[in-house]
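*Asks:* missing the sequence, but the structure's below:
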DNA sequence: GATAATTACGCCTTGCGTAACGATG
DNA sequence: CATCGTTACGCAAGGCGTAATTATC
């Protein structure tokens, strides 16, 4: 324990040579010349003060010391190989771990992912998510950054909503986002039909609070200001930290939600939701593709990043 | 298996840093600077394409990948440390394994070894022996060399009888040997008292065949020729491959043995044997201290070799 | 401001290849 | 004489140190 290990390259050379009972085969395994292996083993013999191989005829034999030495050594290197193998299985050349918020996954990624899987059938895509615990994080960009930094190392690619300022990371903007009111088509008719923005004062406002949490102003305030509507009390109505329950409430005719149109693509297509007004407000924040520096260079990560960008442009 | 391991120094740096949860402590353990450890870990992160440490506050945290990676890695390096430890226990800095023929051990080494042990109480001396299987070995120097080469790597120091020509070995002559007839004191009197060499023709000749096996001429032929005695049939009498049974036969009054006086020191001192004639014949072969090259440099080996030489000169 | 980690730069050791040599069946 | 291991020599890269820098409490 207290003694430092002998040079590791020498140990590796010996382990391989002892396993193969041949310097030549060890040299092949290690992709070096037999001379290099021979040299390493002599270094080891000198450092340990023990002869390890008996040079005999055509090849080598283990000495008694080597017989004592070798088994644990082989076991050790087996462990190292296993350790690397585990990592390769978990985060291997053909394994891609993607992290994203639940709303992005269910409303944007999943409807498209089959195309990536079809295009690259050898890549094992694993999608994981985290529900952000907003109360525990500081609001605004600070909390955003802290959350990303604590997550990005656990995956290969992260898709996050934010301003993109993640130091030391490879960051690509995926797509800008636009906010507009959305509601059930039932609200377009009935007692208080939604015809113009001013009609909103007679409806329940559902609040997707991501605006407040990430940007400062709420989505409703942003949109109503652009729409030139005044005199509406935006403190009314239920608040949601995440977009999915906010949109579900809208689908259930509980009111009108101001949220990102891009995440409602499916509900809009199927008619569960409609956008009653053409005005859309571009957000300062947007979705970003984030990877840490080592991961960003991996082939699978590059492929997926490119594919995400192409999907965002074409759809 | 098929993939080569990442650089081992990088693996070692990571293992140490992950175990200590600190680059600084790892640097201390590895006797390098924190900068070196940091560099190694970045190399590893780049090669694996995975971030391993989350840089946080004062220190580091393991990422999920590192948590998967680390345990087997630690186990692996533990095995390497154990492997080296076993070797150190078996052939450690304070362990000295001595090999010698049985006759040398019981008749020369053991009576003196207590002085070495007293002088160097921290050195754990382990004496081992091999009974040479003469029928299986070619006679003369060739068999001698083959036997030594197959033994010297299993011990730290070998004391052997021979001509000293062991290629690639560190060889020191321990002491020259002289041959003279030895017999029980009972034979000096009685019916056929041994007064002069010529009296030998009326006694049984016991043959210590090491002369034939190592040098060519038998001990009896050598001695009788020097003594100027002719007409004695040296084919008479029992032959022994090893000196101990030959000397035991002499002690038991079975006859007169021509053997190396130096190995009979104890029996001569206690009077179990006597040397009836002053003539002693110097052998060409002698005892040599032999070590392989790595072992010969070890401190304990150097000490023991010097001690052997001093003992041989003073006694 | 103190501690720990990272970066930049340069040195020097280490590991390796080539090629000639040695041993052995 | 064919094969495998060793030796000699020299190059190139990897590993490391020093010192300045960054980050975080």
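*Replies:* Structure's in. What do you need? As the structure is a prediction and not an experimental result, all values here were calculated from the model.
*Asks:* burial of the closest residue in space to residue A:45 that isn't next to it in sequence, as a residue count?
*Replies:* Using C-beta to C-beta, 6 or more residues apart in numbering or on different chains and skipping the chain neighbours, the partner closest in space to residue A:45 is residue B:294 (4.7 Å). In this view, the C-beta of every residue, glycine as well, is placed from N, C-alpha and C. If you count neighbours by other C-beta atoms under 10 Å in any protein chain shown, residue B:294 ends up with 21.
*Asks:* closest residue of the stretch 151-300 of chain A to DNA strand C?
*Replies:* residue A:168 (7.3 Å; C-beta to the nearest atom of the strand).
*Asks:* that residue: neighbour count?
*Replies:* 10.
*Asks:* what ranges in chain A fall below the confidence cut-off?
*Replies:* Residue ranges of chain A with pLDDT under 70: A:1-2, A:133-143, A:315.
*Asks:* how about the strands in it?
*Replies:* A:53-55, A:60-62, A:95-99, A:124-128, A:157-162, A:170-182, A:205-208, A:239-240, A:256-260, A:281-291 (DSSP state E).
*Asks:* ranking those by burial, who's on top?
*Replies:* strand A:256-260 (a mean of 27; mean count of other C-beta atoms under 10 Å in any protein chain shown).
*Asks:* give me the contacts around it.
*Replies:* A:177-183, A:187, A:194, A:200, A:203-208, A:210-211, A:218-220, A:222-223, A:243, A:246-247, A:249-250, A:276, A:283 (C-beta atoms under 8 Å, 6 or more residues apart in numbering or on different chains).
*Asks:* cool, and stretch A:240-254?
*Replies:* Applying C-beta under 8 Å, 6+ apart, the contact partners of stretch A:240-254 are A:101-103, A:106-107, A:131-132, A:134, A:182-184, A:186-187, A:204, A:206-210, A:213, A:238, A:255-257, A:259-260, A:263-264, A:267, A:272-273.
*Asks:* now stretch A:161-169: how far from the chain's centre is it?
*Replies:* Computed by C-alpha atoms, centre = their mean, to the nearest Å, the chain-centroid distance of stretch A:161-169 equals 13 Å.
*Asks:* and residue A:79, how far from DNA strand C?
*Replies:* Residue A:79 sits 20 Å away from DNA strand C, going by C-beta to the nearest atom of the strand, to the nearest Å.
*Asks:* now do stretch A:41-55: distance to the chain's middle.
*Replies:* Centre to centre, stretch against its chain (C-alpha atoms, centre = their mean), the figure for stretch A:41-55 is 48 Å.
*Asks:* how long is it end to end?
*Replies:* With C-alpha to C-alpha, to the nearest Å as the measure, the first residue of stretch A:41-55 is 12 Å from its last.
*Asks:* is any part of that stretch close to DNA strand C?
*Replies:* Yes - residues of stretch A:41-55 contacting DNA strand C under C-beta under 7 Å from any atom of the strand: residue A:43.
*Asks:* list the buried residues in that stretch.
*Replies:* In terms of neighbour count (16 or more other C-beta atoms under 10 Å in any protein chain shown), stretch A:41-55 has its buried residues at A:41-45, A:48-54.
*Asks:* for DNA strand D, tell me which of those show up nearby.
*Replies:* Among those, the residues lying close to DNA strand D (C-beta under 7 Å from any atom of the strand) are A:41-42, A:53.
*Asks:* let's have these in TSV, adding distance to residue B:149.
*Replies:* Below are these laid out as TSV (distance: C-beta to C-beta, whole Å):
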residue	distance to residue B:149
A:41	18
A:42	17
A:53	13
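*Asks:* which other helices and strands contact the helix ranked longest in chain A?
*Replies:* Counting residues, the longest helix found in chain A (DSSP state H) is helix A:64-90. Contacts defined by 3 or more C-beta pairs under 8 Å, 6 or more residues apart in numbering or on different chains; DSSP states H and E place helix A:64-90 against helix A:8-20, helix B:64-90.
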